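Visitor: please work out how this folds:
(chains A and B)
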Amino acid sequence: MELLLVLGLPIAGSVALAVAGARRHAPEISAGASLATLLAAALLAVREVRSGPLLLWHEQFFVDSFNIFLVLLTAFVGFTTATFSRSYMRAEQLHRKLSARRLRLYHSMFQLFMGAMLTALLTNNMGLLWVAMEAATLSTVLLVSLYKTKASLEAAWKYFILCGVGIAQALFGTILLYSAAARILGHEGMSALLWTHLYAVRAGLEPAVVGLAFAFLLVGYGTKVGLAPLHNWLPDAHSEGPAPVSAVLSGLLLNVALYAVIRAKTLATGSIGPLLPGRALMAFGLLSAVLGSLFLWRQRDIKRLFGYSSIEHMGLITFAFGIGGPIANFAALLHMTAHSLTKSSIFFTAGDAAQTAGTQQMEEIRGLVRTSPALGWGLLLGSLAILGMPPFGVFASEFLILTTTMREHPWAAPVLLLVLALAFAGIFSKVQPMAFGENFAPQPPRPHALTPVYVHLALVLTLGIYIPPVLAGWYHAAAQLIG
Amino acid sequence: MLKSHFVIELLKLLAAGMLLISFAMLSTRRIQRLITLYMWQGAILFLSTALVAYDAGLTELYFSAALTLLLKVIALPFILNWLVRRLGAQRENERLAHIPATMLAGLLLVILAFGLAQPISVLAATIMRHTIGIALAVILLSFLTMIMRRKAIAQVIGFLAMENGLFFAAASATYGMPMVIELGIALDLLVAVFILGIFFFQIREQFDSLDLHHLESLKEE
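Guide: Numbers count the residues shown, from 1 in each chain, chains lettered A, B, ... in the order given. Predicted structure coming up:
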């Protein structure tokens, strides 16, 4: 029942918003649907805590410690983003002359996107996972090109083609895995596509085929994670779409794609041993982190800057999963949560700042702390949090990743330190003048709706100081599961 | 037994045709010719899926073949042709540079594909196991087509041809994917083409052309 609500509410919301047309209260309806989804997800979580992992609907869906916290996170960020969209999109409508039809498209597609991501997280079926991931891509393509400017069309085209090709690779990987598993589990029903069944027989799967399948899945879903060198779409899509879309792309979509990669990695580890999948993840992760932190320096557009920061962080998380073992996995899961909350709050403030200044060029955004203190401090605190300043949650996870790296792969520790230093200097030197610089063209004061930003930051702060036992229990169990 | 042998030979022939079409796609200049080739590729996919279904006596696979016929031989080429006419792009030829070099790269990709497919085809129990290499080659060649093209529609056809290769692989490596999943994939494909259609018009409106070299301004300074 809870599952039906979690999956059905966003999709029903999407249909309702598409049919209802451009009503004045569309943003409220959207936020309401997201709130209801969040409550349903919370109920599902309560059920998971009470009775352990669940298999639902003829085993087609499942809930375990790895996906339940991501479901909660996704539903939560979806809700805060929908509330943020209310004021943000109304202002955009005035500034950018968005038609009512475009707004209808926005709200409807946003809910569809949420539904697709929740399906991808909760399904036990690899094939359905693929369909849901593709649906998530398709629903956001038109959101990236919402403003119909030349740059946004280009970004959306790149996003569609690159992710389309990537996801085709993932489909090939899925087919290969299915062919290997069908030899053991048979073609009857969909047994050979179910993660739980695949895990049960993973030791008996043909290693050569599983290895090849994992390579295709890693490259395919890795494109959506934004792993270098497949990351080209990410900065463009983040900078050209509306800020709430950047927030959910960075905060949620990347996580969900990474989730798919890690499920595949767990399977491959059981079949061909931990060495090859682990090393592959470490290589992709390290390369992404290094490239992300280097490209940060050259950015002038505020949302592009944080897009590259997302590549860097996804690289760190992938690297940690590559190391494997209970501690590194725990750190990676914590980092997924903290990064998602922090980065979406940053995109809220970045979007608001760009709206206030009338441009996304960082050189022209100045003195936010003086002109609109809540906004300036929000951006500054968010940036400090993402840069791993204690006591925010990102610090805790980065610290864990670093110490594990020093113990297990000491050669990589200097590289990681360099990445963190580069990212710190790169982002802080750009954010500092935006917060404190001299503003020569004072903007008229305008209302901000920054509650979601501070809620997110408070949560990240909490994660850095105290991880609730329920959450820690999920992390530990998931870290064991991933292996 | 004799029946099965005949079927295998026929399937090999169809697979060879599939590969040839992929090469033809690589070198065709005319957009409409490209759509026709895509249609033929779909037809071959339909025939081979139906043959495997006949040989293995699988009802599910017949549905899959019917889906291919409906979507890839009839619906998508029709939509694409309609789009080309609406956009007035029939006459738009593409200047393809380095055709011989592209062909050579294509040949190398085929060799690579056969090398990669070796371990899988040894294992696959289906009668189409010889064709997995070809399926992978079709995927890689379509990828190359996408890279070499500058026109938006041509890139999309490359993308769709890649999807054909994937279905061919699914039929070769195992007896196709479960029905529900194939339906899901088909739905995604249809929505993708629909969205792209909207997109073409938007690109046209903004750039007065479907040439993608206009779409190269977002770069790192």
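
Visitor: ok, now how distant is the residue most central in space within chain B from chain A?
Guide: Compute the mean C-alpha point of chain B, and by CA atoms, centre = their mean the closest residue is B:Ala161, 1.6 Å away. Using CB to the nearest CB, to the nearest Å, B:Ala161 is found at 11 Å from chain A. From N, CA and C alone the C-beta is placed, and that goes for glycine too.

Visitor: isn't that residue right next to B:Leu144, touching?
Guide: No: using CB atoms under 8 Å, B:Ala161 makes no contact with B:Leu144, being 10.5 Å away.

Visitor: what residues are up against the residue nearest to the centre of chain B?
Guide: Contacts for B:Ala161 (CB atoms under 8 Å, 6 or more residues apart in numbering or on different chains) come out as B:22, B:25, B:38, B:41, B:138, B:142, B:145.

Visitor: quick one: B:Gly176 and B:Glu182 touch, right?
Guide: Yes: judged on CB under 8 Å, B:Gly176 makes contact with B:Glu182 at a distance of 6.8 Å.

Visitor: buried ones in whichever strand or helix holds B:Ile181?
Guide: Using DSSP states H and E, B:Ile181 sits in helix B:179-207. For helix B:179-207, a neighbour-count test (16 or more other CB atoms under 10 Å in any protein chain shown) marks B:181-182, B:184-186, B:188-189, B:192-193, B:195-197, B:199-200, B:202-204, B:206-207 as buried.

Visitor: and residue 163, how many neighbours?
Guide: Just going to use chain A. Close neighbours of A:Cys163, defined as other CB atoms under 10 Å in any protein chain shown, add up to 26.

Visitor: please refer instead to chain B.
Guide: Burial of B:Glu163 is recorded as 24 neighbouring residues (other CB under 10 Å).

Visitor: spatially nearest residue to it (excluding sequence neighbours)?
Guide: Among residues not flanking B:Glu163 along the chain, B:Leu189 sits closest, at 6.1 Å (CB to CB, 6 or more residues apart in numbering or on different chains).

Visitor: that neighbour: what's it in contact with?
Guide: By CB under 8 Å, 6+ apart, the neighbours of B:Leu189 are B:71, B:76, B:160, B:163.

Visitor: out of the residues you listed, flag the one nearest to chain A.
Guide: Within the set of these, B:Glu163 lies nearest chain A; the separation is 6.6 Å, counting by CB to the nearest CB.

Visitor: surely that closest one meets A:Ile167?
Guide: No: using CB under 8 Å, B:Glu163 is not in contact with A:Ile167, being 10.4 Å away.

Visitor: report pLDDT for B:Gln90.
Guide: You'll see B:Gln90 listed with a pLDDT of 68.

Visitor: hmm, stretch A:182-201 in reach of chain B?
Guide: Yes: on the criterion CB under 8 Å from any CB of the partner chain, stretch A:182-201 is in touch with chain B at A:182-183, A:187, A:189-190, A:193.

Visitor: show the buried residues in these.
Guide: Buried among the residues of stretch A:182-201 next to chain B (16+ other CB under 10 Å): A:182-183, A:187, A:190, A:193.

Visitor: from those residues, which two are the most distant?
Guide: A:Arg183 and A:Met190 (15.2 Å; CB to CB).

Visitor: in stretch A:2-22, what counts as buried?
Guide: Buried residues in stretch A:2-22, counted by 16+ other CB under 10 Å: A:2-3, A:5-7, A:9-14, A:16-17.

Visitor: so for these, which is the shakiest by pLDDT?
Guide: A:Glu2 (81).

Visitor: count the residues that sit near the closest residue to B:Leu69 other than its chain neighbours.
Guide: Leaving aside its chain neighbours, B:Leu69 sits nearest to B:Phe46 (4.6 Å; criterion: CB to CB, 6+ apart). For B:Phe46, the count of nearby residues is 22 (other CB under 10 Å).

Visitor: packing partners of the one helix or strand B:Phe46 maps to?
Guide: In the assignment (DSSP H and E), B:Phe46 maps to helix B:31-56. The contact analysis (3 or more CB pairs under 8 Å, 6 or more residues apart in numbering or on different chains; DSSP states H and E) places helix B:31-56 against helix B:2-27, helix B:59-68, helix B:76-87, helix B:152-173.

Visitor: okay, these in a markdown table with distance to A:Gly78 and mean pLDDT next?
Guide: Shown next, in a markdown table, are the helices and strands packed on helix B:31-56 (distance: least, CB to CB, whole Å; pLDDT from 0 to 100):
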| stretch | distance to A:Gly78 | mean pLDDT |
| --- | --- | --- |
| helix B:2-27 | 41 | 86 |
| helix B:59-68 | 33 | 88 |
| helix B:76-87 | 33 | 88 |
| helix B:152-173 | 29 | 87 |
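
Visitor: just name the most buried of these.
Guide: helix B:152-173 (a mean of 26; mean count of other CB atoms under 10 Å in any protein chain shown).

Visitor: helix B:2-27 and that one, what's the angle between them?
Guide: 160 degrees (axes from the mean of the first three to the mean of the last three CA atoms, to 10 degrees).

Visitor: closest to A:Leu471 out of the buried ones among the residues of stretch A:182-201 next to chain B?
Guide: Nearest to A:Leu471 among those, with distances taken as CB to CB, is A:Leu193, at 30.1 Å.

Visitor: that closest one and A:Asn125 touch, don't they?
Guide: Yes: applying CB under 8 Å as the test, A:Leu193 and A:Asn125 come out as touching, 5.1 Å apart.

Visitor: spell out which residues are contacts of both of those two.
Guide: Contact criterion CB under 8 Å, 6+ apart; residues shared by A:Leu193 and A:Asn125: B:Ile181.

Visitor: please name the nearest non-neighbouring residue to A:Pro452.
Guide: A:Pro452 sits nearest to A:Thr80 (CB to CB, 6+ apart), 3.9 Å away.

Visitor: pull the contacting residues for the one you found.
Guide: A:344, A:452, A:455-456.

Visitor: secondary structure element for residue 89, which one?
Guide: In the absence of a named chain, this looks at chain A. helix A:65-96.

Visitor: swap in A:Pro235?
Guide: helix A:233-240.

Visitor: hmm, who's touching the helix or strand just after that helix?
Guide: Using DSSP H and E, the next helix or strand after helix A:233-240 towards the C-terminus is helix A:243-248. The contact list for helix A:243-248, computed with CB under 8 Å, 6+ apart, reads A:77-78, A:81-82, A:84-85, A:88-89, A:110, A:113-114, A:140, A:143-144, A:146, A:237-239, A:303, A:306-307, A:343-345, A:347-348, A:350-352, A:354-355.

Visitor: whichever residue of the stretch 201-350 of chain A sits closest to chain B - nearest residue in space that isn't next to it in sequence?
Guide: For the stretch 201-350 of chain A, the residue closest to chain B is A:Ala208, as judged by CB to the nearest CB, at 3.8 Å. Of all residues not flanking A:Ala208 in the chain, B:Pro119 sits nearest, at 3.8 Å (CB to CB, 6+ apart).

Visitor: the helix or strand harbouring the one you found: which residues count as buried?
Guide: Using DSSP H and E, B:Pro119 maps to helix B:99-123. Within helix B:99-123, the residues scored as buried using 16+ other CB under 10 Å are B:102, B:105-106, B:109-110, B:113, B:116-117, B:120-121.

Visitor: please apply the same query to stretch A:93-110.
Guide: Buried-residue list, stretch A:93-110, by 16+ other CB under 10 Å: A:98, A:102-110.

Visitor: could you export those residues to CSV, including columns for distance to chain B and secondary structure?
Guide: Converted to CSV, the buried residues of stretch A:93-110 look like this (distance: CB to the nearest CB, whole Å; DSSP: H, G, I helix; E, B strand; the rest coil):
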residue, distance to chain B, secondary structure
A:Leu98, 14, coil
A:Arg102, 12, helix
A:Leu103, 16, helix
A:Arg104, 14, helix
A:Leu105, 10, helix
A:Tyr106, 15, helix
A:His107, 17, helix
A:Ser108, 13, helix
A:Met109, 10, helix
A:Phe110, 16, helix
